[in-house]
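A.B. asks: Okay, sequence plus prediction incoming.
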Amino acid sequence: MTAEEEPSRAAGGCVLAILAAVVVAVVFAASTTAGVLSLWSAGVFALWRTARRMSASRTTPPPRGVAPESDEAARRRLKKARGATDPNGVMCIIHAPAEEEVNES
């Protein structure tokens, strides 16, 4: 099959929508209560799935900066760190600047 002969996604979506409408019509014909419950269930499932997909796409990006090349380098950097107290009495740890500059453009 070439690119011109491939079926479109819209056509597939229309076929699925018609199929779903037929299934809903059959369920409503059998029982109105079952039809209403099935529509509510399908709606809740669609909302749940959309919410899960949204939360996965909004993850925190990785931190910027130069990561230590090894555990030993991290220990050396921690030893160089010094403590300071700000005017409010909060203890802060001040690290020495990284050896490599990070280009943030």
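C.D. replies: Okay, I see it.
A.B. asks: switch to C-alpha atoms for all contacts and neighbour counts from now on
C.D. replies: Noted.
A.B. asks: Follow the chain on from the longest helix anywhere in the chain and name the next helix or strand.
C.D. replies: Criterion DSSP state H: the longest helix present in the chain is helix 32-57. Once the chain leaves helix 32-57, the next helix or strand it forms, by DSSP states H and E, is helix 71-80.
A.B. asks: which residues are contacting the helix or strand that comes right after that following helix?
C.D. replies: Next helix or strand after helix 71-80 toward the C-terminus (DSSP H and E): strand 82-85. Contacts with strand 82-85, where a contact means CA atoms under 8 Å, 6 or more residues apart in numbering, come from 91-95.
A.B. asks: Tell me, how many residues neighbour Leu47?
C.D. replies: 11 (other CA atoms under 10 Å).
A.B. asks: what's the answer for Ala74, then?
C.D. replies: Ala74: 13 surrounding residues under other CA under 10 Å.
A.B. asks: related to what we said a few turns ago, pLDDT averaged over the longest helix of the chain, what's the number?
C.D. replies: The average pLDDT within helix 32-57 is 86.
A.B. asks: quick check: angle from the host helix or strand of Ala11 to helix 32-57?
C.D. replies: Assigned by DSSP H and E, Ala11 belongs to helix 9-30. Orientation of helix 9-30 against helix 32-57 (axes from the mean of the first three to the mean of the last three CA atoms, to 10 degrees) gives an angle of 150 degrees.
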